[in-house]
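Colleague: No letters, just coordinates:
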């Protein structure tokens, strides 16, 4: 491509839908790329242009492309994005999980964060599994550049879709070390949300995320009587009937100490992390698991699940647990509240994470993939089949 800047389109639709791991991935990866690689001419596409501008203040407004407010959101894949690719003649386009119709001359990059619906089918409907298996599998097979976020996910993707492991590149998640001071965060959360001394869980809500385990333990241990609130942050993604039933049955005393914020600003999430008494992460299945790392770099105690990709987080030991073992969780939750880890222990975890989980290596690998790929390559078949199944996927 000579001295010409490489033009790259990024589907930033995750900024339209509230807090989720894909949003963090795009925000932090591209923040680092924008700082480091001026040879990339990057455009973003989203419905919520203001949210993207807030995430990337250095990006010019004409580089943030607005999707139309289609009643069927799938039309952004069938109409909006293809039109923008043709108009701007992008060299590359980067998507999460799902590719649109192929446009000749533009190389597609897909990041498939996980395929947990295959490993844990009990948490997903049959329609969910069938549609995603077809579309996600088709997308990663047809992508010019195939990426994921962890070795765990890489191995699962390779197994389920018959793709050589060497063809799947791991762009590891990192953790931002730009965090507020703990006391400042506590004061901010108290002033804005009227909550303090709380146990925190940040994640969208669906059965595999295991919110029920936390709430049941909180009630059983009667932490609400110790003036310790429980805070959930995250939207309801897949209905958890068990969780809904427990919430409906809360007494007035219990409900006054339980707070569920479906959506808060990114700055506020960091303040919640830094201001909490204890962060818990009970998820049964993750392709990576960013929140416990984000909490830990704030210098707060973390009690983390040891399942799936989170088994890599051995630096949290002994404060890890089996998410299928209620007694194990309850025992360790109570122990951490009664005897919190020392400051030196927490400081050591912060240092380990700051070194091990940086965005710079991922940004460099991503840039290297763009500059190393030959200009001419096979133009893959368009991903057009079963589009009627994807409206529930892409919201």
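Modeller: Yep, that arrived. Fair warning: this is a prediction, and the values are worked out from it, not measured in the lab.
Colleague: can you map out the helices along the stretch 151-300 of the chain?
Modeller: Here the stretch 151-300 of the chain has its helices, by DSSP state H, counting those that start in this stretch, at 151-161, 182-193, 211-220, 241-248, 252-255, 266-275, 291-296.
Colleague: so which of those helices is the most packed in?
Modeller: Ranked by mean neighbour count, the helices of the stretch 151-300 of the chain are led by helix 291-296 with a mean of 26 (mean count of other Cβ atoms under 10 Å). For glycine as for every other residue, the C-beta is placed from the backbone atoms N, C-alpha and C.
Colleague: quick one: that helix to chain centroid distance?
Modeller: The chain centroid and the centroid of helix 291-296 are separated by 12 Å, computed with Cα atoms, centre = their mean, to the nearest Å.
Colleague: before we move on, what about stretch 229-244?
Modeller: With Cα atoms, centre = their mean, you get 17 Å for stretch 229-244.
Colleague: What residues sit buried inside it?
Modeller: 229, 230, 231, 232, 233, 234, 235, 240, 243 (16 or more other Cβ atoms under 10 Å).
Colleague: could you check the distance from the second one over to residue 80?
Modeller: In this view, residue 230 and residue 80 are 41 Å apart by Cβ to Cβ, to the nearest Å.
Colleague: Ok, the third one next?
Modeller: Separation of residue 231 from residue 80 (Cβ to Cβ) stands at 37 Å.
Colleague: likewise the last one?
Modeller: Residue 243 sits 35 Å away from residue 80 when distances are taken as Cβ to Cβ.
Colleague: Could you do residue 324 as well?
Modeller: From residue 324 to residue 80 the distance is 43 Å (Cβ to Cβ).
Colleague: I'd like the mean pLDDT over stretch 220-238, please.
Modeller: For stretch 220-238, mean pLDDT rounds to 97.
Colleague: ditto for stretch 311-327
Modeller: 97.
Colleague: Which positions within it qualify as buried?
Modeller: 313, 315, 316, 319, 320, 321, 323.
Colleague: any idea how far the nearest residue to the third one once chain neighbours are set aside lies from residue 69?
Modeller: The reference is to residue 316. Among residues not flanking residue 316 along the chain, residue 304 sits closest, at 4.8 Å (Cβ to Cβ, 6 or more residues apart in numbering). Distance from residue 304 to residue 69, counting by Cβ to Cβ: 39 Å.
Colleague: the more surrounded of those two?
Modeller: Of the pair residue 304 and residue 69, residue 304 is the one with more neighbours under other Cβ atoms under 10 Å, namely 26 against 8.
Colleague: Helix, strand, or coil at residue 117?
Modeller: At residue 117 the chain is in helix, as set by DSSP: H, G, I helix; E, B strand; the rest coil.
Colleague: Now for the nearest residue to it once chain neighbours are set aside, how many residues are close by?
Modeller: Closest residue to residue 117 apart from its sequence neighbours, by Cβ to Cβ, 6+ apart: residue 124 at 4.3 Å. For residue 124, the neighbour count with other Cβ under 10 Å is 18.
Colleague: And residue 226, by the same measure?
Modeller: 10.
Colleague: Spit out the contact partners of it.
Modeller: residue 337 (Cβ atoms under 8 Å, 6 or more residues apart in numbering).
Colleague: could you give the mean pLDDT of the one helix or strand the residue nearest to residue 316 maps to?
Modeller: Per DSSP states H and E, residue 304 falls inside strand 302-305. Averaging pLDDT along strand 302-305 yields 99.
Colleague: roughly how far is it from the heart of the chain?
Modeller: Using Cα atoms, centre = their mean, the distance between the centre of strand 302-305 and that of its chain works out at 17 Å.
Colleague: Remind me what it packs against, helices and strands.
Modeller: Here strand 302-305 touches strand 278-281, helix 291-296, strand 320-321, helix 326-338, going by 3 or more Cβ pairs under 8 Å, 6 or more residues apart in numbering; DSSP states H and E.
Colleague: quick one, domains of this structure?
Modeller: 6-174+358-394, 182-356 (automatic domain parsing).
Colleague: weakest of those by average pLDDT?
Modeller: Of all the domains of the chain, mean pLDDT reaches its minimum on domain 6-174+358-394 (a mean of 90).
Colleague: could you list every residue that touches residue 350?
Modeller: Per Cβ under 8 Å, 6+ apart, neighbours of residue 350: 296, 297, 299.
Colleague: For the protein, just list every one of the strands.
Modeller: Remark: strands assigned in the chain by DSSP state E are 6-11, 40-46, 64-66, 92-96, 107-111, 145-148, 168-170, 199-202, 230-233, 258-261, 278-281, 302-305, 320-321.
Colleague: after the third one comes which helix or strand?
Modeller: The one in question is strand 64-66. Next element after strand 64-66 (DSSP H and E): helix 75.
Colleague: re the thing from before, what are the contacting residues of the strand holding residue 304?
Modeller: Under Cβ under 8 Å, 6+ apart, the answer for strand 302-305 is 210, 278-284, 286, 289, 292, 295-296, 310, 313, 316, 319-323, 329, 332-333, 336, 349.
Colleague: Direction included, what does that strand pair up with?
Modeller: Strand 302-305 has the following strand partners under DSSP bridges: strand 278-281 (parallel), strand 320-321 (parallel).
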